[in-house]
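Undergrad: Mind folding the following:
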Amino acid sequence: EAFLFRRDEFGRIAPADLTGMYSLDRIEAHPIFFRDVADALEEAGIVVEQLGAEYGKGQVEINLRHTTPLRAADDIAVFRDTFKAIARNHGMIGSFMPKPFEQGAGSGLHIHLSLWSHGQDDLIADSSAPDGISSTGLSFIAGLLDHAPALTGLGAPTVNSYKRLLPGSWAPAHAAWGIGDRGVMIRVPDPRSPRIEIRCGDHTGQPYLFLAGILAAGLDGITRNLQAPPRSQGNVGRLSTSDALAAGLRFLPRNVTEALDAAEQDNVIAAALGDTIHTEWLKVKRSEAAAQALVVTDWERSVYLDF
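TA: Numbering: from 1, shown residues only. Coordinates of the predicted model:
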């Protein structure tokens, strides 16, 4: 997910169009831009499966074709630079900021994942199992949930990330899994053709590190034969805090400090990244959070200036 913005004559940011969600109007408002993006990605060997208008004003969703993990991370990196560069060429700002405006929609990086044995046997699907998911698939999900706080820190490592990960926002706030529910961290979109969608990340995360962490966490679940908890029922994002706790649901980290602490303390994630990258990545992300903590915002002045 991403936004298209323009600056007005006063330098203020506004959506590049005000067309409705989930319609062709946004595509038709910028036909040459989208054609140029599709052509550039095709030239780079990246296949766009689907492109459409998302919920927010000026927001779009682009689905890239599945591939191997390392190539997928390459594709994400190339796509982001391509989208932003072509937006600039068209007088717009292509933004992957998780939450540009407090009242608007947020943008995430949703990772869809399948498991295969030697490129042939699907390790997630099991038509004879409840919900059509194999024991191996459930153990992989259990590993993701067991390492959910650290994975959230890895995939959403900025202050702004946690203004998107809120209950009732179509972004996950709980370490839970479900079928079709967009309010959980781990979603199985369709039990008839099972794949796992990890929804906690955004584009401020580094895709290579995030994918490495996801694979390490899931494989840890398989190695330890972890058992996934019962899947969530209904819309988890609409549960009150007390109801969520009564159902045994854990919140994901509520701020970047909690998330980075979890990423630091998780031995499986640390091992997947390696000592040097793990240590230096934490230094960079903690320095960003420390810098933001010193910023005095317009909101603070509007509320506290008269004290």
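Undergrad: check contacts around the residue nearest to Lys99 when sequence neighbours are not counted.
TA: Of all residues not flanking Lys99 in the chain, Lys163 sits nearest, at 4.0 Å (CB to CB, 6 or more residues apart in numbering). C-beta here means a position set from N, CA and C on the backbone, and glycine is covered the same way. The contact partners of Lys163, taken as CB atoms under 8 Å, 6 or more residues apart in numbering, are 98-99, 102, 106.
Undergrad: Give me the phi and psi for Lys163.
TA: Lys163 adopts backbone torsions of phi -90, psi -10, taken as degrees, to the nearest 10.
Undergrad: Distance check, it against Asp202.
TA: For Lys163, the distance to Asp202 (CB to CB, to the nearest Å) stands at 11 Å.
Undergrad: what does Asp131 give?
TA: Distance, Asp131 to Asp202, by CB to CB: 28 Å.
Undergrad: So for the two, which sits in the more crowded spot?
TA: Taking neighbours as other CB atoms under 10 Å, Asp131 and Asp202 compare with Asp202 leading, 26 against 13.
Undergrad: thinking the more buried one is in contact with Ser161, fair?
TA: Yes. With contact defined as CB atoms under 8 Å, Asp202 and Ser161 form a contacting pair (5.5 Å).
Undergrad: Would you mind grabbing the residues shared as contacts by the two?
TA: With CB under 8 Å, 6+ apart, Asp202 and Ser161 have common neighbours Pro98.
Undergrad: Max pairwise distance over the contacts of Lys163: which two?
TA: Pro98 and Glu102 (11.9 Å; CB to CB).
Undergrad: Looking at the two now, which is surrounded by more residues?
TA: Pro98 (25 against 7).
Undergrad: hmm, back to that, please enumerate the shared neighbours of Lys163 and Asp202.
TA: Common neighbours of Lys163 and Asp202, using CB under 8 Å, 6+ apart, are 98, 106.
Undergrad: all helices of the chain, in order?
TA: Secondary structure of the chain (DSSP state H): helices located at 25-29, 31-43, 69-89, 135-146, 148-155, 207-223, 241-246, 256-265, 267-273, 275-293, 298-304.
Undergrad: tell me which residues in the shortest one are buried?
TA: Read that as helix 25-29. Neighbour-count burial for helix 25-29 flags 26-27, 29 (criterion: 16 or more other CB atoms under 10 Å).
Undergrad: In JSON lines, list those along with distance to Ala148.
TA: Shown next, in JSON lines, are the buried residues of helix 25-29 (distance: CB to CB, whole Å):
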{"residue": "Arg26", "distance to Ala148": "33"}
{"residue": "Ile27", "distance to Ala148": "35"}
{"residue": "Ala29", "distance to Ala148": "38"}
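Undergrad: Identify the residue spatially nearest to the residue nearest the centre of the chain, adjacent ones excluded.
TA: By CA atoms, centre = their mean, the chain has its centre lying nearest to Gly201, at 2.7 Å. Take Gly201 and drop its neighbours on the chain: the residue closest to it by CB to CB, 6+ apart is Gly155, 2.9 Å away.
Undergrad: got it, and Asp8?
TA: In space, and not counting its chain neighbours, Asp8 is closest to Ala14: 6.1 Å by CB to CB, 6+ apart.
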